[in-house]
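Student: model the following, please.
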Amino acid sequence: MFLAKLMPQRVLSLQARKPSGLIGRFLMANIFKKGNKDLNSFVEETLKLQPSHYVLEVGFGPGELINRMASIITQGHIEGIDFSDVMLNEATRNNKKHIAANRVRIQKGDCGKLNFTDESFDRVCSVNTIYFWNPPNVYLMEIYRVIKSGGQLVLGLRDKEQISRLPIDKSIFNTYTLNEVVELLLSIGFSNVRSLEKEGTPFTSYCVVATKA
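Tutor: From the prediction side, this is the model:
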């Protein structure tokens, strides 16, 4: 974390969006593991996973949440997609046994155009990625497409006020209030959209939950 404070804001922000090189492999992977620990836990709790669920994580980072979910989903399957080669390698290492057991598959790709058929997943989740979806409606419409009817999307995020306190380049992060995220999901066609919160470290954790009718 000390090294992160020494980095120019733009470099750190670009690495947060798409980790690469040695900075991505060693510094950003560690930041994601520590900084997202409570948020990942809250997302897992909010997903209410069942052993037979089929789940997609968009922007899996070092694969910590996938690893947690794989201990629950023993009869279904988990897919992960991320456009960072560094995170693909890191997540592969962290989920080696689950991949070998054919319970997890992770791949490189952009969630703006998902290579999954319509209504493939019971649950879709993503943690601290919505800031980089430009425009967000393109990504959310793709997510909506691949969720089964009655399935849910869970977004774990930091709100606009929290992000304003971080040493980042605001031109790279698109920040949102919780109400803005709720309205965005409603505009896509999701129903029963609501925001949840839970005390955590280093901030209160937020999830926005939405159902595909």
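Student: in this structure, which spans are helices?
Tutor: 2-6, 9-17, 21-22, 29-35, 37-47, 64-70, 85-94, 96-100, 136-146, 160-163, 178-188 (DSSP state H).
Student: the residue nearest to Asp38 when sequence neighbours are not counted: what's it in contact with?
Tutor: Take Asp38 and drop its neighbours on the chain: the residue closest to it by C-beta to C-beta, 6 or more residues apart in numbering is Gly200, 3.3 Å away. For glycine as for every other residue, the C-beta is placed from the backbone atoms N, C-alpha and C. With contacts defined as C-beta atoms under 8 Å, 6 or more residues apart in numbering, Gly200 is in contact with Asp38, Leu39, Ser41, Phe42.
Student: mind listing what the second one touches?
Tutor: It refers to Leu39. Residues near Leu39 by C-beta under 8 Å, 6+ apart: Val127, Asn128, Gly156, Leu157, Gly200, Ser205.
Student: any idea how far Glu142 is from the residue most central in space within the chain?
Tutor: Taking C-alpha atoms, centre = their mean, the centroid of the chain lies closest to Ser126, which sits 2.3 Å from it. Distance of Ser126 to Glu142, computed by C-beta to C-beta, to the nearest Å: 12 Å.
Student: got any residues that touch both of those two?
Tutor: Counting by C-beta under 8 Å, 6+ apart, the contacts common to Ser126 and Glu142 are Cys111.
Student: how deep is the residue lying closest to Ser149 once chain neighbours are set aside tucked in, by neighbour count?
Tutor: Setting aside the residues directly before and after it, Ser149 is nearest to Lys212 in space (C-beta to C-beta, 6+ apart), at 5.8 Å. Look at Lys212: counted by other C-beta atoms under 10 Å, it has 22 neighbours.
Student: do Ser13 as well
Tutor: Ser13: 20 surrounding residues under other C-beta under 10 Å.
Student: and Thr175, by the same measure?
Tutor: That count, for Thr175 with other C-beta under 10 Å as the rule, works out to 18.
Student: quickly run through the sheet partners of the longest strand anywhere in the chain, with directions.
Tutor: Across the chain, the longest stretch assigned as strand under DSSP state E is strand 147-157. Strand 147-157 has its sheet partners listed here by DSSP bridges as strand 121-127 (parallel), strand 205-211 (antiparallel).
Student: quick one, that strand and helix 136-146 angle?
Tutor: Orientation note: strand 147-157 sits at an angle of 140 degrees relative to helix 136-146 (axes from the mean of the first three to the mean of the last three C-alpha atoms, to 10 degrees).
Student: quick check: mean pLDDT across strand 147-157?
Tutor: Averaging pLDDT along strand 147-157 yields 98.
Student: how far does that strand sit from its chain's centre?
Tutor: 12 Å (C-alpha atoms, centre = their mean, to the nearest Å).
Student: could you give me the buried positions within it?
Tutor: Ile147, Lys148, Gly151, Gln152, Leu153, Val154, Leu155, Gly156, Leu157 (16 or more other C-beta atoms under 10 Å).
Student: how much space between the second one and Glu183?
Tutor: According to C-beta to C-beta, Lys148 stands 24 Å off from Glu183.
Student: ok, back up a step: what is the nearest of the contacts of Leu39 to Asn179?
Tutor: Leu157 (12.7 Å; C-beta to C-beta).
Student: let me see the contact set for the closest one.
Tutor: By C-beta under 8 Å, 6+ apart, the contact set of Leu157 is Leu39, Val127, Asn128, Ile130, Tyr131, Tyr176, Val181, Tyr206, Cys207, Val208.
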